[in-house]
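A.B. asks: after the sequence you'll find the predicted model.
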Amino acid sequence: MDQVELFKALSNKTRLQILQWLKDPENNFPEQAEYGYDNGVCVGQIQKKAGLTQSTVSEYLSLLQRAGMVKATRVGQWTYYQRNEEAFNSLIQLIKKDI
């Protein structure tokens with residue numbers, strides 16, 4: 001995990017919000033309940049909640065993915081995102097040990 005890229009990804013309020021929303025997708029994205037949450041949350045739902053353009057949200061999610069904080073799953077024409085909890089555990093250890 002590149003520490004600089006990781007902290008750059010976390011240095012934006014909206015990206016932090018997205019990570020918070022993805023921590024509890026059932027409560028933050030109830031309109032997706034009919035499709036389930038096994039693959040994560042559809043980028044369209046995240047875009048709708050963020051109130052930003054799809055290109056901006058896609059850029060934010062790509063940055064979070066490169067930093068390892070989210071995982072993407074492609075299902076047909078849709079991409080779903082979920083938090084990478086292992087990365088959060090690594091971040092906790094990094095902060096405790098090295099910073």
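C.D. replies: Nice, I can see it.

A.B. asks: could you double-check that residue 68 sits in contact with residue 19?
C.D. replies: No. Using C-beta atoms under 8 Å, residue 68 makes no contact with residue 19, being 11.9 Å away. C-beta: built from backbone N, CA, C; applies to glycine.

A.B. asks: contacting residues around residue 20?
C.D. replies: With contact taken as C-beta atoms under 8 Å, 6 or more residues apart in numbering, residue 20 is in contact with residue 28.

A.B. asks: count residues in the vicinity of residue 13, would you?
C.D. replies: The criterion is other C-beta atoms under 10 Å. On that basis, residue 13 has 7 neighbouring residues.

A.B. asks: repeat that for residue 59.
C.D. replies: Residue 59: 13 surrounding residues under other C-beta under 10 Å.

A.B. asks: excluding chain neighbours, what is closest to residue 69?
C.D. replies: Computed as C-beta to C-beta, 6 or more residues apart in numbering, the closest residue to residue 69 that is not its neighbour in sequence is residue 87, at 5.3 Å.

A.B. asks: now do that neighbour, the pLDDT please.
C.D. replies: At residue 87 the predicted local distance difference test score is 92.
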